[in-house]
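Need coordinates for the below:
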Amino acid sequence: MGSKFKVTSLNSDSQYGIVASDLKSLMNKGCQKLRLSREGCRVCLFEDGTEVDAEYFSYLKDNCKLVILEKGQKWDGEIRCCLNKILQEYDNCNDELITAASNLLSEEIKPRKRKLLQYFVEDAVENITAERREDDQKWFEGLNSRFKTKSDYMNFSCQRRMRSYLTEVKNHADKLEGDIKINYCLFVKNVERHLQQNKCNGCYFDRRENDNKRLCTPQGWFTCQGAFDEDSCSFIHSINPYGSREKRIVFSTWNLDHVIEKKRTIIPTIVNTVKQRKIDDRKVEHFYSLLFTWANLKLVHIVCHKKTEHKLSCDPPTTCKRKKRKRNNML
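You can find the predicted model right below:
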């Protein structure tokens with residue numbers, strides 16, 4: 001006999017009840033009711049946009065709500081649909097939306113819901129999209145006049161962090177003597193050359209950069225990647241330093257944490273490497289990667305920054321091919 005379903009389309013305000021025993025029957029009847037061309041159409045769950053194929057069809061429950069999409073159309077789910085309706089209805093009442101969201105933030109709500117509301121409120125009241133100094137002068141208070149855009153400064157601030165790491169590595173030479181010190185300085189000079197070629201990796205904080213280079217979203221949102229021994233941040237820490245001067249200052253307290261520790265592990269291993277005179281381009285690249293790239297760096301909120309010993313090694317590559325550590329999933 002078949003199961004009962006409710007179907008609609010993106011261009012329809014109505015939904016229709018249909019009985020179908022398989023996906024083909026559902027598509028034929030649904031397209032007929034909605035007056036759609038059958039060619040190129042597909043079926044998705046109205047709730048979350050999951051596409052329904054012939055196998056998945058057998059698991060659908062009675063009265064399941066479905067949306068039939070025409071060729072080229074996309075559906076992200078019911079929540080997005082509701083949000084769009086709210087935004088359209090309150091297009092000229094932004095203050096009311098912000099007030100309602102702010103009131104919800106004062107109540108006891110789940111952490112993830114709180115974060116979503118914070119995103120909305122901050123994005124609405126802060127000047128996040130402004131980029132130039134003349135469009136958000138308050139954001140630039142206290143900064144050198146040479147910075148004309150927010151991204152220019154954020155790029156510089158990341159470079160400054162990288163240079164501070166380099167300085168710490170260089171200064172360790174003061175504890176060495178003789179040939180070991182000479183070889184150590186030569187090795188670090190080659191590492192520094194890699195860093196300079198990559199413009200001190202300032203791109204990590206620059207929202208103008210490509211997806212595979214920056215750590216933030218195109219709007220400038222950064223998300224904590226969690227402690228060195230965790231896959232993600234359980235507190236869901238996030239921040240947009242592009243939004244306000246206050247957020248820019250708070251972001252400076254976030255850490256670019258070395259998973260394999262710089263002072264306890266990486267620097268001593270470099271010393272041991274030059275002692276053994278095992279120096280080549282691959283080892284230079286290896287230690288550059290550990291010191292200055294996402295192969296070994298995590299962006300961490302101060303609460304998630306564990307100062308305990310990590311107890312991880314960083315042996316330089318041998319003649320065999322080394323495996324690359326995947327970049328963290330951060331946006």
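
Identify the residues contacting residue 290.
Contacts were defined as Cβ atoms under 8 Å, 6 or more residues apart in numbering; by that measure residue 290 touches 258, 260, 266, 296, 314. Where C-beta positions appear, they are placed from N, C-alpha and C, glycine not excepted.

Which of those fall in strands?
residue 258 (DSSP state E).

Same list, the contacts of residue 290, but as CSV with neighbour count, distance to residue 30 and pLDDT please.
Below are those laid out as CSV (neighbours: other Cβ atoms under 10 Å; distance: Cβ to Cβ, whole Å; pLDDT from 0 to 100):
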residue, neighbour count, distance to residue 30, pLDDT
258, 22, 56, 96
260, 20, 56, 96
266, 21, 60, 97
296, 21, 52, 96
314, 21, 58, 86
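
ok, residue 23 - contacts?
43, 52, 53, 54, 57.

I'd like the distance from it to residue 172, if you could.
Computed with Cβ to Cβ, to the nearest Å, the distance linking residue 23 and residue 172 is 66 Å.

Same question for residue 6.
From residue 6 to residue 172 the distance is 68 Å (Cβ to Cβ).

ok, now residue 128?
Taking Cβ to Cβ, one finds residue 128 at 40 Å from residue 172.

neighbour-wise, which of the two wins?
residue 128 (22 against 17; other Cβ atoms under 10 Å).

thinking that one is in contact with residue 239, fair?
No. Using Cβ atoms under 8 Å, residue 128 is not in contact with residue 239, being 11.4 Å away.

Output the below-cut-off pLDDT ranges for this protein.
Applying pLDDT under 70 to the chain picks out residues 1, 78-98, 101-102, 104-112, 114-116, 118-125, 318-331.

what packs against the helix of greatest length in it?
Using DSSP state H, we find that the single longest helix of the chain is helix 150-171. Counting by 3 or more Cβ pairs under 8 Å, 6 or more residues apart in numbering; DSSP states H and E, the packing neighbours recorded for helix 150-171 are helix 178-197, helix 267-275, helix 281-292.

Pull out the buried positions in the first one.
Residues of helix 178-197 classed as buried: 181, 183, 184, 187, 188, 191, 192, 194, 195 (neighbour count, 16 or more other Cβ atoms under 10 Å).

quick one: it to helix 267-275, angle?
120 degrees (axes from the mean of the first three to the mean of the last three Cα atoms, to 10 degrees).

domain assignment for this protein?
3-78, 90-125, 150-304 (automatic domain parsing).

so which of those domains is the most packed in?
domain 150-304 (a mean of 18; mean count of other Cβ atoms under 10 Å).

so how far is it off the chain centroid?
Domain 150-304 sits 17 Å away from the centroid of its parent chain (Cα atoms, centre = their mean, to the nearest Å).

Give me the distance between the two termini of that domain.
With Cα to Cα, to the nearest Å applied, domain 150-304 spans 26 Å between its terminal residues.

hmm, back to that, ok, the buried residues of helix 178-197 vs residue 13, which is closest?
residue 195 (57.9 Å; Cβ to Cβ).

Not counting its neighbours along the chain, what's nearest the closest one?
residue 292 (5.5 Å; Cβ to Cβ, 6 or more residues apart in numbering).
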